[in-house]
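1. Take this sequence and fold it.
(2 chains)
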Amino acid sequence: MHRKVTATLKGDKWFITGAAMGGLMALIALVGPYLVPYNPQEMSFQPFARPSWEHPLGVNDGGQDILSELVHGVRNSLSFGAMVGGLALILAVGVGLVASWYDGVVGKLLMSCADIFMAIPSVMILILVAALFQPSATVLALVLAGLSWPTTAKAVRAQALVLRDALHVRAAVQMGGSAWYIMTRHLVPETFPLYLVGFVAKARMAVFTEASLGFLGLFDPERKSLGEMIHYALRYYYMDTWWNWLFPAVLCLSVSIMAAGFMAISLERVLDPRLRSLWG
Amino acid sequence: MGRKAKTLGNVVNFLVAFSLLVYLSYALPRLMPGDFVTAMFASSHVTLSAQQEAEAKAYFQREEGFGLYLLRIVRFDWGWSYALFQPVLSLILQALPWTLVLAGGAHVLASVCGFVMGVEAAWRRGSRVDRALVGAMTMLEGVQEMAVGVALVAIFALHLHWFPTGGAETPYAEVSLEARLVDMAHHLVLPMATLVISYLPGNFLLARNSMVMVLGKEFILTARAKGLPEKRVRYAHAARNALLPVLTRFGLRLAFMVTGVVVVETMFSYPGLGTLLFNAIRSRDLPLVQGVVLFSSAVVLVVNVALEFVYTRVDPRTRHAP
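-> Below you'll find the model as predicted:
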């Protein structure tokens, strides 16, 4: 099944576009900081200098090189997204599998927990935590991951409930396989396709949220973020700096989110047989 | 599980979620190490006089049990804002109408338009219109409110000068009520358009998927076989049933939209709850942050609970159930 999925994905326009865009942004995030000549914190340049050879995107109001700022912003956004995506996924798989295998009181309890978490507007808790403790971005990522696992956990549980009754899993139980053995040998690998969708969707949501939190000024000001850049660039809208300051930040943010969105949509289409009929 | 039991279960979930939030708003400030007042005001724009500092310390270090705190919340005694020197609740109530018009209007508009477009696109599944719409909406889904707002301001406010860049009405203008309403609507266009454009794609894709699923059902075939007019099949039979999943997501999408509203209001300096929250964060005005967070979460949860009851009424399968 997995090989077929790879083949289908390779032929899917949305997936290829998304992966290309995501790859480009990842490249910027990984290599960019080593290529830009300045430290994004360095404030020794002439504020509002126009773009030049030394400063390809000019200098911002605080005398910082905009290109360096942008590259570090992309890196922080993407790493925040990847971290939330990964952590939320681990939580979701754990909860989903346990809830399906112990499908009695434990399962019910875990699923009501998931429902409760889904009802909470997570950004409000993030704002509260950020305003009170002014924690590092890592802590906020942990909080966000802790709030955003339920949707994936439900999907994993639903899939695992079907698997549990499959013949080969029943055979494994008959042969005396422990819960741990069956979960790690059968349930984890066989629900794998869901992880891709879950990871990409959560990472997308996290990049989205990170930009909003940055825009609201909830991160450590030392940490560059695209949302924060957009916030400051908007203040100097009238100065005709929008194309070298505002636009690149907005573009990077949109491309990152779009890339994840395209990949998530195409993965869902390819992996969910019920949806396959939707896209004629 | 019956529909009624499920509704009850969901209502209980929302109540638990809200209690959890209230408890967090009680416990989190108390988890902070050291002296809260010094920590909050040492590095802020707000400087307290000696008396205010003493009062603030007395207020925050008063050891209040959770029961008392809860009682205060229920009695709407939400404390005073330190930056604006007004009761938190009255600040919230001043900002509320603006946000209700902006966010409520945008959510309803985005949902209705998204639903109708989704139904029409699904009906023409595989056609050029459908493909173009799905493509465009998938692209738009990746554009954040921030980006949409920036683009709209650049084009319609800075370049064409059609709409103002911010605010909710022209200040100090003494005009008749009608002129004032027109002025307010004029100011509302850009922020509302930003929100509608940002949240339309999600609603569209949801409605389209739901409608395509319904169109494959046998009762649609029956309706057609009976020779009903197309419009009737499309709306009375198909869309009616495609509405249900869309409706259940209405409340969850509202919770999702809260972030966007805060960002858009801040961007357009619209005097609603979002701007209030933003300014409260900037000036580290903790009682106000707490108040707005609690209040807006409560609104989202109440809407969700109300929807549970609407849902049972709208679902034709449960209407006749005992």
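2. just how off-centre is the longest helix seen in chain B within its chain?
-> Counting residues, the longest helix found in chain B (DSSP state H) is helix B:177-215. How far helix B:177-215 lies from its chain's middle: 12 Å, per Cα atoms, centre = their mean, to the nearest Å.
3. Packing partners of that helix?
-> The contact analysis (3 or more Cβ pairs under 8 Å, 6 or more residues apart in numbering or on different chains; DSSP states H and E) places helix B:177-215 against helix B:105-123, helix B:128-141, helix B:145-152, helix B:240-267. In this view, the C-beta of every residue, glycine as well, is placed from N, C-alpha and C.
4. Now do the helix or strand following the last one against helix B:240-267, angle only.
-> As assigned by DSSP states H and E, the chain's next helix or strand after helix B:240-267 is helix B:273-282. Following axes from the mean of the first three to the mean of the last three Cα atoms, to 10 degrees, one obtains 40 degrees for the angle between helix B:273-282 and helix B:240-267.
5. hmm, helix B:273-282 in reach of chain A?
-> Yes: counting by Cβ under 8 Å from any Cβ of the partner chain, chain A is contacted by helix B:273-282 at B:277, B:278, B:280, B:281, B:282.
6. Format the helices and strands packed on helix B:177-215 as CSV; extra columns: distance to chain A, mean neighbour count and mean pLDDT.
-> Shown next, in CSV, are the helices and strands packed on helix B:177-215 (distance: least, Cβ to the nearest Cβ, whole Å; neighbours: other Cβ atoms under 10 Å in any protein chain shown; pLDDT from 0 to 100):
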stretch, distance to chain A, mean neighbour count, mean pLDDT
helix B:105-123, 9, 20, 89
helix B:128-141, 5, 16, 84
helix B:145-152, 5, 23, 82
helix B:240-267, 4, 22, 81
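7. and those helices as CSV, adding distance to residue A:25?
-> Converted to CSV, the helices and strands packed on helix B:177-215 look like this (distance: least, Cβ to Cβ, whole Å):
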stretch, distance to residue A:25
helix B:105-123, 28
helix B:128-141, 16
helix B:145-152, 15
helix B:240-267, 21
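8. Which of those sits closest to residue B:192?
-> In terms of Cβ to Cβ, the element of the helices and strands packed on helix B:177-215 nearest to residue B:192 is helix B:105-123, at 5.0 Å.
9. mind checking how far the closest one is from the chain centre?
-> The chain centre lies 17 Å from the centre of helix B:105-123; the measure is Cα atoms, centre = their mean.
10. which helix is the longest one in chain A?
-> helix A:66-101.
11. mind checking how far the next helix or strand after that one is from the chain centre?
-> Along the chain past helix A:66-101, the next helix or strand (assigned with DSSP H and E) turns out to be helix A:105-119. Distance, stretch centre to chain centre, for helix A:105-119: 23 Å (Cα atoms, centre = their mean).
12. do the same with stretch A:69-88
-> The answer for stretch A:69-88 is 8 Å, by Cα atoms, centre = their mean.
13. what do you get for stretch B:117-131?
-> 28 Å.
14. Stretch B:304-319 now?
-> Worked out by Cα atoms, centre = their mean, stretch B:304-319 lies 20 Å from the chain centre.
15. got it, and stretch B:296-304?
-> Relative to the centre of its chain, stretch B:296-304 is centred 9 Å away, using Cα atoms, centre = their mean.
16. How about stretch B:274-292?
-> 17 Å.
17. I'd like the mean pLDDT over that stretch, please.
-> Averaged over stretch B:274-292, pLDDT sits at 81.
18. Great, nothing more from me.
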